[in-house]
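*Asks:* Pasting the sequence and the predicted model now:
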Amino acid sequence: MIIQEPYKENDKLVRTFSDEGKMIMQIETGRIYSEAVDISPCRYTYTETDQNVEELPV
């Protein structure tokens, strides 16, 4: 499921991510993200993909 919440307690930014660890797709552009941070109110909409968020190398 797509979750939206304030980003780092900043009411001018909203963080969007999947609560199931999936990549998200911005519907308007087709771009794929692990999470997105936008200015609130968010003008973009997102949907979950079937792709899991990949672990970044440390």
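*Replies:* That came through fine. These figures come from a predicted structure and were not determined experimentally.
*Asks:* Which elements pack onto the helix or strand Arg15 falls within?
*Replies:* Here Arg15 sits within strand 10-18, counting by DSSP states H and E. Here strand 10-18 touches strand 2-7, strand 22-26, strand 35-39, going by 3 or more CB pairs under 8 Å, 6 or more residues apart in numbering; DSSP states H and E. Quick note: C-beta positions are derived from backbone N, CA and C, even for glycine.
*Asks:* Need the mean per-residue confidence for that strand.
*Replies:* Mean pLDDT, strand 10-18: 94.
*Asks:* returning to that earlier point: closest to Asn52 out of the helices and strands packed on strand 10-18?
*Replies:* Nearest to Asn52, of all the helices and strands packed on strand 10-18, is strand 22-26, at 6.2 Å by CB to CB.
*Asks:* now the very next helix or strand once past the closest one, how far from the chain's geometric center?
*Replies:* If you walk from strand 22-26 toward the C-terminus, the next helix or strand you reach (DSSP H and E) is strand 32-33. Centre-to-centre, strand 32-33 and its host chain are 7 Å apart (CA atoms, centre = their mean, to the nearest Å).
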